[in-house]
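Asks: Got a sequence here, can you model it:
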Amino acid sequence: MLARLTRGHHKVLALCTVLTLCTLGLGLSQPLLVSHIVDTAGRHGPPPWPAVGALTALITAQALLQTASGYVLGRTGEDIVLQLRTTLIGHLLRLPARDYQHHRLGDLLSRA
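Replies: Predicted coordinates for the structure are as follows:
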């Protein structure tokens, strides 16, 4: 059932999966940079500005990828819901008139 609903959206869902995995990879690499910054600062050496800049860039990239992934996934979900609603309304409009006569309109709508 789910595969039928997502027909035509597989490429976008694959893109969302790739973006999410990249976001997770960036999130997992942050503790390594923080550890490097703390170790360098603990040795009373020069300030680790390149590592701080890399951490800032990493956090920014993760936020951008996460935002893009959320947007694309939300947009795709809305498209799937629209497609489902359009199919349902089309089915209800093509029902024979006798179905509307045998059932109250509220019953059909509540079942839908």
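Asks: on contacts alone, who are the packing partners of the longest helix along the chain?
Replies: Identified as the longest helix of the chain according to DSSP state H is helix 49-93. Using 3 or more Cβ pairs under 8 Å, 6 or more residues apart in numbering; DSSP states H and E, the elements in contact with helix 49-93 are helix 2-5, helix 10-42. The way it works is simple: take the backbone N, C-alpha and C, and place the C-beta from them, glycine included.
Asks: Residue 89: which of the ones you listed is closest?
Replies: Nearest to residue 89 among the helices and strands packed on helix 49-93 is helix 2-5 (15.7 Å), distances taken as Cβ to Cβ.
Asks: chain center to that closest one: distance?
Replies: The chain centre lies 17 Å from the centre of helix 2-5; the measure is Cα atoms, centre = their mean, to the nearest Å.
Asks: From the rest of the structure, what touches that helix?
Replies: With contact meaning Cβ atoms under 8 Å, 6 or more residues apart in numbering, helix 2-5 is reached by 80, 83, 84.
Asks: Generate a PyMOL selection restricted to the buried entries among those residues.
Replies: Listed next is the PyMOL selection for buried residues among the contacts of helix 2-5, using 16 or more other Cβ atoms under 10 Å:
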select buried, resi 80
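Asks: Dump the contacts of helix 2-5 to JSON lines, plus distance to residue 23 and pLDDT.
Replies: Converted to JSON lines, those look like this (distance: Cβ to Cβ, whole Å; pLDDT from 0 to 100):
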{"residue": "80", "distance to residue 23": "22", "pLDDT": "90"}
{"residue": "83", "distance to residue 23": "27", "pLDDT": "90"}
{"residue": "84", "distance to residue 23": "28", "pLDDT": "88"}
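Asks: which among the contacts of helix 2-5 gets closest to residue 16?
Replies: Once Cβ to Cβ is applied, the member of these that ends up nearest residue 16 is residue 80, at 12.3 Å.
Asks: Please name whichever of the helices and strands packed on helix 49-93 is nearest to residue 88.
Replies: Comparing these by Cβ to Cβ, helix 2-5 comes nearest, at 11.8 Å.
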